[in-house]
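Student: Here you go, sequence then predicted model.
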Amino acid sequence: MWLQEIWRYPVKSMAGESLAAADVTESGIGGDRILQVRNPDGRILTARTKPALLRHRAVLGPDGDALVDGRPWRSADVARDVEAAAGAGARLARSDAQDRFDVLPLLVATDGMLSATGYDRRRFRPNLVIAGVPGLAERRWEGGQLQIGGIRVGMEDLRSRCIMTTFDPDTGEQDLNVLRRVQREFDGVLGLNSRVVVPGRIAVGDKVEFLPRA
């Protein structure tokens, strides 16, 4: 097995960026979800209820600061777009609090799972995509670990999928049949909620080894 893809989402619930390499800490991939869309009370707003957020793309610029659709995240234009997508008073805020993750800092997916579903991988918003995995073998990985280059990742449990999977990542059009099929054929779970056991640096192409629960 090998590491096929690395994904980072500098703004939670916006489209992200594919990376060739990344530093991984106990808080996940460096720069992942460092910005969130929050309402006036400080509560995080996500694409579950504000799907228009998915139509915007965030990356980290050369200086390490986030760009939204190529513009500095603090710009007035971005602020207007965030309000248009998420409602009056919605704003971008930078925070490294744990609530920026839905469950754990990493979501691991496999090429076998993605092939079995046949859907665009972006619907599932993985951080790491592992290649060379037959079929739905990932469903037997709960409680095990992955050695990926110099890091080690602990896989807690399978991820319950939500309404976000129903939105086309390019057009924004919704197809509820995607989630219905995920629930019907895959028990509503795909990919693995994961934590970082040993931090370090990873790169696409790194060898991956599965270490079963002792």
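Tutor: Happy to help now that I have it.
Student: how near is the residue located most distally from the centre of the chain to Ser194?
Tutor: Note on the chain: the largest C-alpha distance from the chain mean falls to Ala214, namely 28.0 Å (C-alpha atoms, centre = their mean). Counting by C-beta to C-beta, to the nearest Å, the separation of Ala214 from Ser194 is 17 Å. Backbone N, C-alpha and C define where each C-beta goes, glycine included.
Student: name the helices or strands packed onto the host helix or strand of Arg80?
Tutor: Using DSSP states H and E, Arg80 maps to helix 76-86. Packing partners of helix 76-86 (3 or more C-beta pairs under 8 Å, 6 or more residues apart in numbering; DSSP states H and E): strand 35-38, strand 66-68, strand 71-72, strand 91-94.
Student: That helix - what's its average pLDDT?
Tutor: Helix 76-86 comes out with an average pLDDT of 98.
Student: Which residues does it contact?
Tutor: Where contact means C-beta atoms under 8 Å, 6 or more residues apart in numbering, the residues beyond helix 76-86 that reach it are 37, 39, 45, 50, 52-53, 55-56, 68-69, 71-72, 89-92.
Student: quick one: stretch 104-117 to chain centroid distance?
Tutor: What separates the centre of stretch 104-117 from the centre of its chain is 10 Å, taken as C-alpha atoms, centre = their mean, to the nearest Å.
Student: hang on, Ile34 packs against Ala93?
Tutor: No: counting by C-beta atoms under 8 Å, Ile34 does not reach Ala93; the two are 10.0 Å apart.
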